[in-house]
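Undergrad: Coordinates for the following, if possible.
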Amino acid sequence: MQREPRIREIVKALSENTKGDILRKMDEATLRKGLKELLQNMEPDSYVEIYHGPQEFGKDLVMVRRSAFGDNTVGIVVARGDIRTKSSGLIDKLKSQIEQCFEHPAWLESIKGPVNIQFVWLMIAGTLSKGANVRLTTEVSRPNLTIFDLKWLIEKFTQHYPYIFFESSICEYIEKKIEELETKHVLADRVRSLTDYYVPQSIGVLDRIIEITPEAVFSIVSEITPIESLKEAIKSRQKLLIAGEPGVGKSTAMHKLAIDLLSKSLEQATRKKAEILEIPLLVKARDLIVIEELKELIERFGPPPEIRKRFKINALLVDALDEAPGESRETIANKAIEFASALGCALFITSRKIDLVRKESIRLEKRELLPLQYGQALTLCDRLIQDKTKLDALKSGLKTIQNQLIMTPLTLLLLIDLVEADREIPSSLVLLYNKFFDLALGVEDRLRKGLEILFEPEIKKNFLSELAYHEFFLKSRDTIGKEEFNRFLEEYAAKFQWDAKQLRLFVSEMERAGILDIREVVSFVHNTFLDYFIALRIYDNREEIPDLDSYLTKMYFDSWWYDVVFYYAGLKQAITKDLIDSIIRYTERGEKDIIDCVSKVLVGKLLQAAWRSPAEVKMHGIKESQAFCANIKGLFLDLIKQRYPDMPTIYSDIYALMICETAYGSRHLWNQERRLIDEYLQEPNHEHILRAIQLLWANKDRIPQEEKDSLMKQLYAATTATTKEDIEGYARNLLLLRVLSVGNKALYKAIEKRLTRQYELHPELFERLVPSRKSGFRSKKAIEAARRKKLARKKKS
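TA: Residues are numbered from 1 along each chain as shown. The predicted structure follows:
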């Protein structure tokens, strides 16, 4: 169901008297413009022109009403204020205008030659007394006169052009921006507006991960806040990098944030609360590549010039930095920072999690858009599925796979489509995509329903993979023009000798599949769909690619096409030791490139996709890739200290843990990771214990509590038994274990006791390792101790 414009809901809340007073007091020019918009909205096929001027001959507007039986031309006379019997001068003037309308043809800008007036409408923005009505209808001899009173105007304006009751140009601009954002989403064919199904997610605050308690006990706290906290960040003009996994809903979150901010401005405009209205500016990161100056940015994406002075930009929202070419990202980020500073507004840039440590992000605070929690996922399902049986089936399936699939909105939307088609829930992301695309392209109809399919699903899959590979991947882009798309389509059709009718039918089936967005610019509905079909093309032709491992390795380190290799591994369901070694040995950008080191650790994510790889290949991949965590820690500190020279060193451990959780957090890898933990414990040293902690951390929410407690006890025993020569390594491992031990009171207390002792022995180490206490914060115990010392000094003096 189509959502009513917000402005109409606001207008409906106004009393009839209020709306009538607004129309009565409106100046003639504004009323005429409003009537033109009203009539065009009521009859979109008609032509309406404001005719006011020295040669108007009574006509304020002219309307050409078009129908299958010919055109009728209406002259419209507009009157303001109340008309009573005593208003003889005004009545005589209106009679004269009506007569002139009929007697003099209209000369319209878009119609050649004179146009005779066949009907006259008198529209009165005021009351018409009974006597005045009698005079007008009896003293005007023309039969084709119709009078529309104030009540009619109020009703029709409320229904068809509610902007007239406020500043129409301002409100109409804001409403159109809201409508544009509401309808641009992946479920546009299922629900009308984004707001109807949107479920607020949470934001992880990545720049405030560590804190010290007043009692000198250290804890690692990942601060999680509602996404609404971004509105507070706008008030304080913060500059944020908002990262997240592919499909987690970064673009949707920015769209919803923009809708909320625009809705607030619309409310202020209708209540006349502010002379200057604050609105956001939402742009795609790649659009900033060609924009050099702030003026150009405002011209392209800001309000039109005639109303621009009424607005102030309160947030610059730059979406999808990761979809811009790698070499352009630093330039884009710097431009965005420069533009936001010049505008005096907040800045939010969205990108993948891996971009958290790029040079361009150093000047930005970091946030992470988190996947849906189980309860949030259920809420989304409730909003989208009407059939209770299918809803229950999906909820049951979600319980089974919630630790195997990251609950991103995109993942859930695909799952919902599968459940509604009575398909089983897959256990991995690539299997999910396989089943979804089979469903979308007609395999379900052919195999299970016996329906006739005009084009084999494999032909459609092949078309999409060839299109993705040749027109997107090889040309390094994520959109193509409609003409290029049609040219590729014709060449593809020629291979099968399709005639024009078959070609039209093929395009129709492709549009219905909902995988491509075919407009003036053609793109895949989601970038992960593009990555999947590029991977499918490579997988289908893998035997023809010389030195396949090198080819995949180069793509793996390409910041634009990295995820293609992930989907390739998922399609093949296995990777080789040779491919792992090729990735590990890659040094094209040097051994000290932090992004390359992170990518090498994320070999674990490849192994998650390639879940049928032999156990020894998994062991080899995990062990070899995890070794780069040490490089990441050092490079991360070097990078971050360029801006924060006193950055506590444990931040580098926290960042490494985040990467490990992405790489190694999987039930498919846990058996091999458990074997590695046992190996590390057989030869315990601080580095081996740290590696074991990283693997346990990655799976802390995926394994039974008993197994987790057992491993923590073993790690604690190994830590306390290791040599104390490396005090920093010892303290660091205790800190990390303490966080893992939350929930195990005995172990937690034992670790806490050792940490307190180490703090007393090595305070200078802990000043370097963890953040200092918050300024001005003291516990009750510390306050009482200070009071006693003060009393003691008084007695001495």
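Undergrad: isn't there a helix covering residue 64?
TA: No - using DSSP: H, G, I helix; E, B strand; the rest coil, the secondary structure at residue 64 is strand, not a helix.
Undergrad: Leaving aside the residues adjacent along the chain, what's closest to it?
TA: Distances taken as Cβ to Cβ, 6 or more residues apart in numbering place residue 47 nearest to residue 64, at 4.4 Å, with adjacent residues excluded. All C-beta spots, glycine's among them, are computed from the backbone N, C-alpha and C.
Undergrad: for that neighbour, what are its contacts?
TA: When the contact criterion is Cβ atoms under 8 Å, 6 or more residues apart in numbering, the partners of residue 47 are 63-64, 66, 108, 110-111.
Undergrad: Return the member of these nearest to residue 152.
TA: Checking the contacts of residue 47 against residue 152 by Cβ to Cβ gives residue 63 as the nearest, at 15.5 Å.
Undergrad: just checking, that closest one touches residue 51?
TA: No - with contacts defined as Cβ atoms under 8 Å, residue 63 does not count as touching residue 51, sitting 9.8 Å away.
Undergrad: quick revisit: what would the contacts of residue 47 look like in CSV with distance to residue 465 and neighbour count?
TA: As requested, the contacts of residue 47 are exported to CSV (distance: Cβ to Cβ, whole Å; neighbours: other Cβ atoms under 10 Å):
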residue, distance to residue 465, neighbour count
63, 53, 22
64, 51, 19
66, 47, 12
108, 54, 17
110, 48, 7
111, 52, 15
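Undergrad: Quick check: the residue nearest to residue 64 vs residue 117, distance?
TA: Between residue 47 and residue 117 the distance, using Cβ to Cβ, to the nearest Å, works out to 14 Å.
Undergrad: Ok, residue 469 next?
TA: When Cβ to Cβ is the yardstick, residue 469 and residue 117 sit 62 Å from each other.
Undergrad: buried stuff in stretch 106-124?
TA: Judged by neighbour count using 16 or more other Cβ atoms under 10 Å, the buried positions of stretch 106-124 are 106, 108, 115, 117, 119-124.
Undergrad: what's the span of stretch 233-246, first residue to last?
TA: One end of stretch 233-246 sits 24 Å from the other (Cα to Cα, to the nearest Å).
Undergrad: buried residues in it?
TA: Those buried within stretch 233-246 under the rule 16+ other Cβ under 10 Å are 233-234, 238-246.
Undergrad: Could you count how many residues lie near residue 152?
TA: 12 (other Cβ atoms under 10 Å).
Undergrad: pLDDT score for it?
TA: Predicted confidence (pLDDT) at residue 152: the value is 95.
Undergrad: Pop the domain breakdown of this protein in here.
TA: As assigned by automatic domain parsing, the chain contains the domains 6-165, 171-369, 384-422.
Undergrad: Residue 568: which element?
TA: Taking DSSP states H and E as the definition, residue 568 sits inside helix 562-572.
Undergrad: what about residue 667, which SS state?
TA: Here residue 667 takes the coil state, with states given by three-state DSSP.
Undergrad: start the count at 19, not 1, going forward
TA: All right, first residue 19 from here; so that's residue 685.
Undergrad: Is it correct that it is in contact with residue 716?
TA: No - with contacts defined as Cβ under 8 Å, residue 685 does not count as touching residue 716, sitting 11.3 Å away.
Undergrad: how close does residue 767 sit to residue 777?
TA: Here residue 767 is placed at a distance of 16 Å from residue 777 (Cβ to Cβ).
Undergrad: picking up where we left off before, any chance of the buried residues of stretch 251-264 in JSON lines, plus secondary structure, distance to residue 322 and pLDDT?
TA: Shown next, in JSON lines, are the buried residues of stretch 251-264 (DSSP: H, G, I helix; E, B strand; the rest coil; distance: Cβ to Cβ, whole Å; pLDDT from 0 to 100):
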{"residue": "251", "secondary structure": "helix", "distance to residue 322": "28", "pLDDT": "92"}
{"residue": "252", "secondary structure": "helix", "distance to residue 322": "23", "pLDDT": "94"}
{"residue": "256", "secondary structure": "coil", "distance to residue 322": "29", "pLDDT": "92"}
{"residue": "257", "secondary structure": "strand", "distance to residue 322": "28", "pLDDT": "92"}
{"residue": "258", "secondary structure": "strand", "distance to residue 322": "29", "pLDDT": "91"}
{"residue": "259", "secondary structure": "strand", "distance to residue 322": "31", "pLDDT": "89"}
{"residue": "260", "secondary structure": "strand", "distance to residue 322": "29", "pLDDT": "90"}
{"residue": "261", "secondary structure": "strand", "distance to residue 322": "34", "pLDDT": "86"}
{"residue": "262", "secondary structure": "strand", "distance to residue 322": "33", "pLDDT": "84"}
{"residue": "263", "secondary structure": "coil", "distance to residue 322": "37", "pLDDT": "79"}
{"residue": "264", "secondary structure": "coil", "distance to residue 322": "35", "pLDDT": "77"}
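Undergrad: Out of those, flag the one nearest to residue 104.
TA: For those, the residue nearest residue 104 by Cβ to Cβ is residue 252; the value is 57.0 Å.
Undergrad: Against residue 710, how distant is the closest one?
TA: Spatial separation of residue 252 from residue 710 under the definition Cβ to Cβ is 42 Å.
Undergrad: count of neighbours near residue 222?
TA: Burial of residue 222 is recorded as 18 neighbouring residues (other Cβ under 10 Å).
Undergrad: For it, what are phi and psi?
TA: Recorded main-chain torsions at residue 222 are phi -90, psi 130, according to degrees, to the nearest 10.
Undergrad: pLDDT at it, what is it?
TA: Note on residue 222: pLDDT of 82.
Undergrad: Same check on the one 4 residues further on?
TA: Each residue has a pLDDT score; the one for residue 226 is 46.
Undergrad: Name the nearest residue to residue 165, ignoring sequence neighbours.
TA: residue 140 (4.7 Å).
Undergrad: I'd guessed that neighbour sits against residue 111; true?
TA: No - using Cβ under 8 Å, residue 140 is not in contact with residue 111; the gap is 11.6 Å.
Undergrad: which other helices and strands contact the longest strand seen in the chain?
TA: In the chain, ranked by residue count with DSSP state E as the criterion, the top strand is strand 88-98. Packing contacts for strand 88-98, counted by 3 or more Cβ pairs under 8 Å, 6 or more residues apart in numbering; DSSP states H and E, involve helix 46-60, strand 79-85, helix 106-121, strand 137-143.
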